[in-house]
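Participant: after the sequence you'll find the predicted model.
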Amino acid sequence: MSFELLSGGPFLRKRKRECFCVLLALLLTVTGFVILSSASLSFLRSKNYALKQLAWWGLALGAFGLTALIPTEKLRKSLPFWVWLSFGLLLAVLIPGLGTKVNGSRRWIHCFLHIQVSELAKIALILWLADYIGKNAEWMDSFWKGFFKPILFCSVWAGLVLVEPDYGTAVLLLAVAATLLFLGGAKIRHLLSSVAGFLLLFALLVWRNPPRLKRILSFLDLEGNRSDGSYQLWQAILAFVSGGPWGRGIGHGRQQLTYLPEAHTDFIYAVLVEELGCIGGMLIIGLFSLLFLSVLSGLRRQESIFARILGYGALFLIIYQSILNMGVVTACFPTKGIPLPFISYGGSNLITVYVLLGIMTHALRPEGSSSEGDPADPSSAGRSLDF
């Protein structure tokens with residue numbers, strides 16, 4: 001009996017990988033609370049974002065529990081509802097009076113709470129792709145079924161996000177879609193041709209949008225535009241320099257004292273590194289890396305193509321978003337409004353990443369149901385990544 005208690009019992013022994021992933025997510029979330037609490041001691045004191053984030057976390061845990069417990073087949077049957085709801089909200093947010101305009105973008109709908117509809121689009125997209133790849137696994141190497149039809153659907157989804165405008169999330173959606181199609185068996189030459197086309201379209205849209213063109217040009221000459229277009233990035237770099245290897249200590253960061261805009265959302269990683277140092281920043285990267293490797297290796301044992309691709313989609317949404325955020329803060333990418341999963345302030349994003357965490361933990365269960373039209377043979381699921 002005592003051995004059972006010490007080992008965590010049969011449930012924990014069977015769910016070691018899932019519990020490990022949840023533990024990593026909790027460590028990242030707690031780190032976010034600590035940094036938000038530190039920021040709230042300065043210019044954010046009047047709003048206390050840490051307490052607000054704690055309330056959002058309660059909702060996020062509820063969403064995680066529901067997602068982790070929903071059977072795979074029921075989740076699959078609910079796909080039409082989520083797709084049409086997401087599509088309708090993406091259209092509704094563009095209507096003046098329905099969509100709330102913030103900083104020139106219509107990304108939110110106010111319905112008791114401010115909801116960022118592109119977050120719902122992320123979940124709907126990976127659900128649709130997992131269902132499509134599961135039902136068409138035999139034809140994923142063809143041009144029509146394996147590439148054109150799914151990429152057309154994903155382009156419509158990303159296009160609606162793009163006109164909000166939200167360039168960062170649109171790029172994220174397309175990157176995840178291309179990754180899932182590749183893992184599902186689509187030919188690499190088809191995907192590369194679409195990437196070239198999207199890059200050309202993106203360049204044309206930036207060229208015709210003076211504010212974003214200025215942002216790109218400022219990024220190319222960071223120091224020369226440090227008091228203008230690249231002010232935010234320059235202040236983030238100063239935060240890294242100020243923190244050094246060990247950091248200035250919790251509550252002693254200077255860049256959050258009105259110097260660094262969006263210090264609690266998109267640029268929270270800069271505040272984190274200033275207070276915890278480069279060592280703390282590397283530990284955060286290590287936690288995301290452990291989450292990535294653990295889930296990726298665990299999904300290889302999943303026999304259901306739908307559950308496996310869905311798990312991949314949830315994983316890559318979190319990891320790609322983390323890479324984009326930290327890449328922006330470290331001046332590797334132009335400035336984009338992409339929050340850092342689990343850590344940045346924001347209710348819609350926190351609930352979304354916990355729903356994705358629930359999807360991943362559910363997909364990691366080896367007994368994940370294999371549905372009709374979804375062959376259980378792992379070899380029919382296209383490519384797999386071996387670790």
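Facilitator: Looks like it arrived, so ask away.
Participant: okay, CA-based contacts and neighbour counts for the rest of this
Facilitator: OK.
Participant: contacting residues around stretch 273-280?
Facilitator: For stretch 273-280, the surrounding residues in contact (Cα atoms under 8 Å, 6 or more residues apart in numbering) are 239-253, 272, 281.
Participant: gap between stretch 87-96 and the chain center?
Facilitator: Relative to the centre of its chain, stretch 87-96 is centred 21 Å away, using Cα atoms, centre = their mean, to the nearest Å.
Participant: for this structure, give me the ranges with low pLDDT.
Facilitator: Confidence mapping of the chain against pLDDT under 70 gives the ranges 1-14, 39-48, 99-106, 108, 110-114, 221, 223-229, 255-263, 366-387.
Participant: select the longest helix from it.
Facilitator: helix 268-299 (DSSP state H).
Participant: quick one: list the elements packing against the next helix or strand after that one.
Facilitator: Going down the chain from helix 268-299, the next helix or strand is helix 305-329, by DSSP states H and E. If contacts are counted by 3 or more Cα pairs under 8 Å, 6 or more residues apart in numbering; DSSP states H and E, helix 305-329 sits against helix 117-135, helix 167-184, helix 231-243, helix 268-299, helix 347-363.
Participant: rerun that using 6 Å as the cut-off
Facilitator: Under the contact definition 3 or more Cα pairs under 6 Å, 6 or more residues apart in numbering; DSSP states H and E, helix 305-329 sits against helix 117-135, helix 347-363.
Participant: which of those helices sits most buried?
Facilitator: helix 347-363 (a mean of 25; mean count of other Cα atoms under 10 Å).
Participant: who's in contact with that one?
Facilitator: Contact partners of helix 347-363, identified using Cα atoms under 6 Å, 6 or more residues apart in numbering, comprise 18, 56, 60, 63-64, 67-68, 115-116, 307, 311, 314, 342.
Participant: relative to helix 268-299, how tilted is it?
Facilitator: On the basis of axes from the mean of the first three to the mean of the last three Cα atoms, to 10 degrees, helix 347-363 is oriented at 20 degrees to helix 268-299.
Participant: circling back to that earlier point, want to try CSV for the helices and strands packed on helix 305-329, with distance to residue 320 as columns?
Facilitator: Below are these laid out as CSV (distance: least, Cα to Cα, whole Å):
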stretch, distance to residue 320
helix 117-135, 12
helix 347-363, 12
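Participant: show me the domain layout of the chain.
Facilitator: Using automatic domain parsing, the domain parsing of the chain gives 17-77+212-382, 79-208.
Participant: what's the most buried one of those domains?
Facilitator: By mean count of other Cα under 10 Å, those have domain 17-77+212-382 as the most buried, with a mean of 20.
Participant: not counting sequence-adjacent ones, nearest residue to residue 69?
Facilitator: Among residues not flanking residue 69 along the chain, residue 362 sits closest, at 7.4 Å (Cα to Cα, 6 or more residues apart in numbering).
Participant: before we move on, back to that, out of the contacts of helix 347-363, who's nearest residue 177?
Facilitator: residue 314 (11.1 Å; Cα to Cα).
Participant: so what's the closest one up against?
Facilitator: Taking Cα under 6 Å, 6+ apart as the criterion, residue 314 is in contact with residue 356.
Participant: so how far is residue 179 from it?
Facilitator: Look at residue 314 and residue 179: by Cα to Cα, to the nearest Å, they are 12 Å apart.
Participant: repeat for residue 341
Facilitator: 19 Å.
Participant: repeat that for residue 52.
Facilitator: 34 Å.
Participant: check residue 165 too.
Facilitator: Separation of residue 165 from residue 179 (Cα to Cα): 23 Å.
Participant: in a helix, residue 266, correct?
Facilitator: No: applying DSSP: H, G, I helix; E, B strand; the rest coil, one finds residue 266 to be coil, outside a helix.
Participant: how about it, nearest residue that isn't a chain neighbour?
Facilitator: Excluding its sequence neighbours, the residue lying closest to residue 266 (Cα to Cα, 6+ apart) is residue 339, at 4.6 Å.
Participant: surely the one you found is in contact with residue 264?
Facilitator: No: using Cα atoms under 6 Å as the test, residue 339 is too far from residue 264 to be in contact (9.4 Å).
Participant: sorry, back to before: closest to residue 222 out of the helices and strands packed on helix 305-329?
Facilitator: Closest among the helices and strands packed on helix 305-329, using Cα to Cα: helix 347-363, at 28.9 Å.
Participant: who wins for proximity to residue 79 among the helices and strands packed on helix 305-329?
Facilitator: So among these, helix 117-135 is nearest, using Cα to Cα, at 6.6 Å.
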